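S.K.: Below is the sequence, then the predicted model.
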Amino acid sequence: MMKRMQQWLLAMACVAGSFQPSQAQEPDWTAVRLPWKAENHWDAVVLGGVARVTDINNAGQVVGWSSSGVDPQSFLYDPQYGRLRSIGLGGTQSQATAINNAGQVVGWGNLQGGATRHAFIYDPLVGTARQIPDPYGVETQAVGINERGHVISRAPILPHLGYTSYGTVYDGSTVAALRGAPLAINNSGLVFGQYISGTSRPPSLWLHPSDEEVLSVGIGGGWGTFGVDLNDSGQVVGFRGAGHAFIHAGSQTVDLGTLGGSYSTPKDLNNAGQVVGEASLGDDNSNHAFLWDDGVMTDLGTLGGRNSVATAVNELGQVVGFSEVAPGSSERHAFF
């Protein structure tokens with residue numbers, strides 16, 4: 001297992017100190033040194049504190065968040081320069097959730113002096129993040145972006161509007177409201193999310209930019225079924241409660257299985273239909289990162305510990321995630 005994981009490993013970075021918010025059009029990058037390791041948190045890395053990697057693009061740029069105290073701060077890591085920079089709206093906290101191949105980053109943060117969370121988009125050509133408008137002026141969190149720069153965001157429940165879940169799609173100039181919580185958006189603008197109605201929560205598809213036509217993906221429903229991601233072919237991945245991960249396309253649903261245990265959870269899906277996540281071993285006391293490709297689930301092993309998880313995969317098949325380094329150890333390393 002150790003050898004298999006080492007084949008996937010690219011130790012990334014450990015910040016030599018805390019980093020400061022970036023300035024417009026300035027190379028506000030903080031030097032980093034190898035290895036990038038994690039400790040004291042399940043999926044955390046030490047980047048001047050505790051952090052989490054959330055996404056990777058085809059250039060190998062990685063985004064996530066880091067906290068040296070209570071409040072998290074978004075970061076962008078670029079392997080071309082081996083440097084890290086902070087991004088956000090200028091407030092005390094932010095989290096980056098996704099990045100596209102143009103280097104545009106989305107997430108959420110508060111404004112300077114404010115407490116409300118706002119969805120943001122960071123443009124590398126400008127060097128700053130800007131707030132994404134919301135039609136109802138509520139707290140929002142951007143959770144996905146496609147190659148056209150269209151952004152999906154989630155918001156709290158709005159009972160006064162009759163919504164049990166709520167989200168938006170932003171195309172760079174206008175915002176369309178969705179009566180459901182979006183999870184992913186593909187490059188054709190199709191949005192995948194959880195539409196909550198009564199006591200069921202079936203994964204549903206919205207057609208951008210209107211939510212008037214909600215298409216069931218035909219994978220059952222109920223509170224035990226949850227969606228995770230969508231690719232350009234319309235394939236979706238999700239899981240059923242504490243059971244198995246699945247991939248669905250058209251009228252066919254494929255059970256991804258496990259690594260010998262009773263459950264698996266997908267985390268990401270690329271356009272080749274490769275799925276990454278975590279799955280339990282035979283004793284159900286250990287979870288290993290996996291890569292599922294063309295019907296085969298591959299155990300990516302660990303870096304010496306009992307548990308690991310793969311959190312994202314890009315179109316080159318590069319996988320990022322975290323692993324314990326020794327049984328019972330609180331130290332965890334990022335792998336790529």
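M.R.: Yes, it's here.

S.K.: drop to CA atoms for contacts and neighbour counts, all remaining ones
M.R.: Will do.

S.K.: Kindly confirm my reading that Gly193 is in a strand.
M.R.: Yes - judged by DSSP: H, G, I helix; E, B strand; the rest coil, Gly193 forms part of a strand.

S.K.: Check what pLDDT it gets.
M.R.: On pLDDT, Gly193 comes in at 80.

S.K.: measure stretch 72-88 end to end?
M.R.: 10 Å (C-alpha to C-alpha, to the nearest Å).

S.K.: Report the buried residues of it.
M.R.: The neighbour-count check on stretch 72-88 (16 or more other C-alpha atoms under 10 Å) flags 72-78, 82-88 as buried.

S.K.: of those, closest to Ala310?
M.R.: Tyr77 (17.9 Å; C-alpha to C-alpha).

S.K.: ok, now how distant is the closest residue to the closest one other than its chain neighbours from Asn100?
M.R.: Among residues not flanking Tyr77 along the chain, Leu84 sits closest, at 4.4 Å (C-alpha to C-alpha, 6 or more residues apart in numbering). To Asn100, Leu84 is 17 Å away according to C-alpha to C-alpha.

S.K.: what does Asn287 give?
M.R.: 29 Å.

S.K.: one step back: farthest pair within the buried residues of stretch 72-88?
M.R.: Pro72 and Gly82, at 21.4 Å, using C-alpha to C-alpha across these.

S.K.: hang on, the earlier thing: quick one, phi psi at the residue nearest to Tyr77?
M.R.: phi -130, psi 140 (degrees, to the nearest 10).

S.K.: Report the mean confidence score over stretch 279-292.
M.R.: If you average the per-residue pLDDT over stretch 279-292, you get 94.

S.K.: Dump that stretch to CSV, keeping only the CA atoms.
M.R.: Extracted C-alpha coordinates of stretch 279-292, given in CSV (Å, rounded to 0.1, in the frame of the first residue of the first chain):
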residue,chain,number,x,y,z
ALA,A,279,-14.0,3.5,0.6
SER,A,280,-13.9,1.1,3.6
LEU,A,281,-11.7,-2.0,3.8
GLY,A,282,-13.0,-5.4,5.0
ASP,A,283,-12.9,-4.5,8.7
ASP,A,284,-14.8,-1.2,8.2
ASN,A,285,-12.3,0.3,10.5
SER,A,286,-10.1,1.8,7.8
ASN,A,287,-10.9,4.0,4.7
HIS,A,288,-8.5,4.2,1.8
ALA,A,289,-8.5,6.7,-1.1
PHE,A,290,-9.7,5.2,-4.3
LEU,A,291,-9.7,5.8,-8.1
TRP,A,292,-12.5,4.2,-10.0
